[in-house]
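Undergrad: kindly return the folded structure for what I paste below:
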Amino acid sequence: MTARDRSERSSGGFTRRQFVRRSAAVAGAFGVGALGAGEAFSARSRYTGTIRVTGLGVDLIDPIKEEAEKALGFKLAFNATDGPTMVQRGITQPGSFDVMSGYQSQYEPMWPAGGFQPVDTHKITRWNQVQPFFKVGKAAPHASVGMGDAAFRNVYVDPAKSGKWPGSKDTVAELRKTIVLWADDNGSGKTHGAEPRYATGIPQSFNFDSIGYNTKSLPVAPEKVSWAELFNKKWKGRVALLKDPGVALQDAGLAAQAMGLMKFKDVGNMTKAEIDKLMTIMLKLKKDGQFRAFWLTFNESVNLMQSGEVVIESMWSPAVSLLQAKAFPVRYAAPPEGFRAWSAGQMISSKVTDPDKLQACYDYINWWLSGLPGALMMRQGYYNAVQNTSKAHVSKAEWDFWIMGKPASTTLADPFGGKTIKPGTVRDGGSFLKRASKIATWNSYFQEGEYLTQRWNDFLTA
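TA: Predicted structure coming up:
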């Protein structure tokens, strides 16, 4: 079964004990209940050159670069860019980078082009500790799987399903068929056969996104703020969406569905008819003046909220934390419909063939799961695919706040030393397990992506 072949869905329930036992066998750890201490990363590569890493930026920060070079013994060249440029490079310029850290939803358009090589999970030292939902779809038995490109739907690859690997003779169709599902698509936890050995990329960072809102205008708890608020006419002229069409349409789709205006078979993979109907709704809202702006950068979202131009908007968790540190009255919704989740993974270019350089790429990926990088990302509000190793690199107060959902017992800092969390603050949405258990959809690559982009551009210029 390919990642997109979701027509045949198996059903089946399972008990908590059965899920934990299966998760222990296939995914190493269950939620945050089986956490062990991290330890210093000791691998030193024979490679003495530079590994070029292209990514979206949240992980390509100076503290990460400094610590990685110190631990690994080789140089890193970070190149942060935007999503569309990353996809284009992944398809047409695989020789311009060695490792790509991008959204797993980007794998589907990039993988069939043959610019990446299968990653051998037997070379990933902590593969058995990767969060369960990356492999079987759920963080816990009661959790929702989520629509769209949930990571487990495109993490595994079977190179044997293509004639050669990698190779210019492989067709796009052949390469697409190499992406396989190991577990049932519905998140039952049931797997089929032996775990595939190879992966499109190794899960790295992830989070659960929603909407930021001004509590002076909307004085309610995060759990009571629905996606429908984006379309609430009460906020006319004071609503903002992310300008990325794949994200904006999912946020808008969740809002339309929550208001009962329409339903989607899969909000993460809308049909042309669904896109058209949603656009009709959005065009009317735009004509009526519902939207103040469509932001593209982190700073734009912060400025829109801080200036008072918007009351509610699609937002990233660190942006909310930054404003809260400035005592601005903003909170992060934990919508009753569920979060829009995203995950990033690390892929290796097919152009990396030198054995020492290839091993350096594996060393870099393994370092990401060793503890310290996860701790640095945690201080931005993000999670790591292997969380247990991070515990030894953060204080108890940090772990309790970011992972366990407890009030901050002291002031907490971001990776750059800025004081972002004040004592007594509770992370909106609660603990990791609580947040991971309520996912509405995942950032996704729509099969009708070109049509979606066309309609989105028409919408922006209307």
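Undergrad: so what's residue 47 up against?
TA: For residue 47, the contacting residues are 74, 356-357, 359-360, 363, taking Cβ atoms under 8 Å, 6 or more residues apart in numbering as the criterion. Just so you know, the C-beta spots here come from the backbone N, C-alpha and C atoms, and that holds for glycine as well.
Undergrad: return the member of those nearest to residue 234.
TA: Sorting these by distance to residue 234 puts residue 363 at the head of the list, at 53.1 Å, by Cβ to Cβ.
Undergrad: what helix or strand is residue 67 located in?
TA: Residue 67 is part of helix 62-72 when elements are defined by DSSP states H and E.
Undergrad: for that helix, packing partners?
TA: In terms of contacts (3 or more Cβ pairs under 8 Å, 6 or more residues apart in numbering; DSSP states H and E), helix 62-72 is packed against strand 75-80, helix 355-368, helix 372-378.
Undergrad: closest one to residue 158 among those?
TA: Each of the helices and strands packed on helix 62-72 was checked against residue 158 via Cβ to Cβ, and the shortest separation belongs to helix 355-368, namely 20.0 Å.
Undergrad: so the closest one versus strand 75-80, what angle?
TA: Computed with axes from the mean of the first three to the mean of the last three Cα atoms, to 10 degrees, the direction of helix 355-368 lies at 60 degrees from that of strand 75-80.
Undergrad: and helix 355-368, what does it pack onto?
TA: Packed against helix 355-368, as judged by 3+ Cβ pairs under 8 Å, 6+ apart, are the following elements: strand 50-55, helix 62-72, strand 99-103, strand 202-214, strand 339-349.
Undergrad: let's see it at 6 Å
TA: With contacts defined as 3 or more Cβ pairs under 6 Å, 6 or more residues apart in numbering; DSSP states H and E, the packing partners of helix 355-368 are helix 62-72.
Undergrad: outline the domain layout of the protein.
TA: As given by automatic domain parsing, the domain ranges for the chain are 16-206+341-388, 209-339+438-461.
Undergrad: and stretch 436-450, what's buried?
TA: Residues of stretch 436-450 classed as buried: 436-446, 448-449 (neighbour count, 16 or more other Cβ atoms under 10 Å).
Undergrad: can I get it in CSV, CA atoms only?
TA: What follows is stretch 436-450 as a C-alpha-only set of coordinates in CSV (Å, rounded to 0.1, in the frame of the first residue of the first chain):
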residue,chain,number,x,y,z
ALA,A,436,-0.3,14.5,20.8
SER,A,437,-3.6,12.7,21.4
LYS,A,438,-5.8,15.3,19.7
ILE,A,439,-4.7,15.8,16.1
ALA,A,440,-7.2,16.9,13.5
THR,A,441,-4.9,16.9,10.5
TRP,A,442,-1.2,17.1,9.5
ASN,A,443,0.5,19.5,7.2
SER,A,444,0.1,17.9,3.8
TYR,A,445,0.9,17.8,0.2
PHE,A,446,-2.4,17.8,-1.7
GLN,A,447,-2.7,15.7,-4.8
GLU,A,448,-4.5,18.7,-6.3
GLY,A,449,-1.6,20.9,-5.2
GLU,A,450,-1.3,22.8,-8.4
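Undergrad: quick one, what contacts residue 146?
TA: For residue 146, the residues meeting the contact criterion (Cβ atoms under 6 Å, 6 or more residues apart in numbering) are 341, 439, 441-442.
Undergrad: excluding sequence neighbours, find me the nearest residue to it.
TA: Taking Cβ to Cβ, 6 or more residues apart in numbering as the measure, residue 146 lies nearest to residue 439, with 3.6 Å between them; neighbours along the chain are not counted.
Undergrad: surely the one you found is in contact with residue 143?
TA: No. In this structure, residue 439 is not within contact of residue 143 by Cβ atoms under 6 Å, at 7.3 Å.
Undergrad: re the thing from before, reformat the helices and strands packed on helix 62-72 as CSV; add distance to residue 292.
TA: Shown next, in CSV, are those (distance: least, Cβ to Cβ, whole Å):
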stretch, distance to residue 292
strand 75-80, 27
helix 355-368, 38
helix 372-378, 31
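Undergrad: so of those, which one's packed in deepest?
TA: Ranked by average neighbour count under the criterion mean count of other Cβ atoms under 10 Å, the helices and strands packed on helix 62-72 are headed by helix 372-378 at a mean of 24.
Undergrad: report the next helix or strand after that helix in sequence order.
TA: Next in line after helix 372-378, if elements are assigned by DSSP H and E, sits strand 383-384.
Undergrad: that older thread, just the pLDDT at the residue nearest to residue 146, thanks.
TA: Reading off the per-residue confidence, residue 439 sits at a pLDDT of 96.
Undergrad: quick check: bridge partners of it?
TA: residue 339 (DSSP bridges).
Undergrad: pLDDT and distance to residue 126 for the contacts of residue 47 - can I get that in TSV?
TA: Output for the contacts of residue 47, formatted as TSV (pLDDT from 0 to 100; distance: Cβ to Cβ, whole Å):
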residue	pLDDT	distance to residue 126
74	96	21
356	96	22
357	97	22
359	96	17
360	97	18
363	97	13
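Undergrad: out of these, flag the one nearest to residue 320.
TA: Of all the contacts of residue 47, residue 320 sits closest to residue 363, with 34.5 Å by Cβ to Cβ.
Undergrad: nearest spatial neighbour of the residue of the chain positioned farthest from its centre, chain-adjacent residues omitted?
TA: Using Cα atoms, centre = their mean, the residue of the chain lying farthest from its centre is residue 288. It sits 33.0 Å away. Sequence neighbours aside, residue 236 is the residue nearest to residue 288 in space, at 6.9 Å (criterion: Cβ to Cβ, 6+ apart).
Undergrad: can you map out the strands along the stretch 1-150 of the chain?
TA: Residue ranges of the strands in the stretch 1-150 of the chain, as given by DSSP state E, counting those that start in this stretch, are 50-55, 75-80, 99-103, 116-117, 119-120, 147-148.
Undergrad: hang on, the earlier thing: any idea which of the contacts of residue 146 is closest to residue 272?
TA: Here the nearest of the contacts of residue 146 to residue 272, counting by Cβ to Cβ, is residue 441; it sits at 18.5 Å.
Undergrad: quick check: next helix or strand after whichever strand or helix holds the closest one?
TA: Residue 441 belongs to strand 439-442 when elements are defined using DSSP H and E. Heading C-terminal from strand 439-442, the first helix or strand you meet, by DSSP H and E, is helix 449-461.
Undergrad: mind giving me the packing neighbours of that following helix?
TA: Using 3+ Cβ pairs under 6 Å, 6+ apart as the contact criterion, the secondary-structure elements in contact with helix 449-461 are helix 245-258, helix 272-287.
Undergrad: straight-line length of stretch 360-374, end to end?
TA: From its first residue to its last, stretch 360-374 covers 19 Å (Cα to Cα, to the nearest Å).
Undergrad: contacts for that stretch, please.
TA: When contacts are taken as Cβ under 6 Å, 6+ apart, the neighbours of stretch 360-374 outside the stretch itself are 38, 41, 43, 45, 47, 51, 64, 67-68, 71-72, 74, 98-99, 123, 125-126, 202, 204, 346, 348, 352, 384, 386, 389-390, 392-393.
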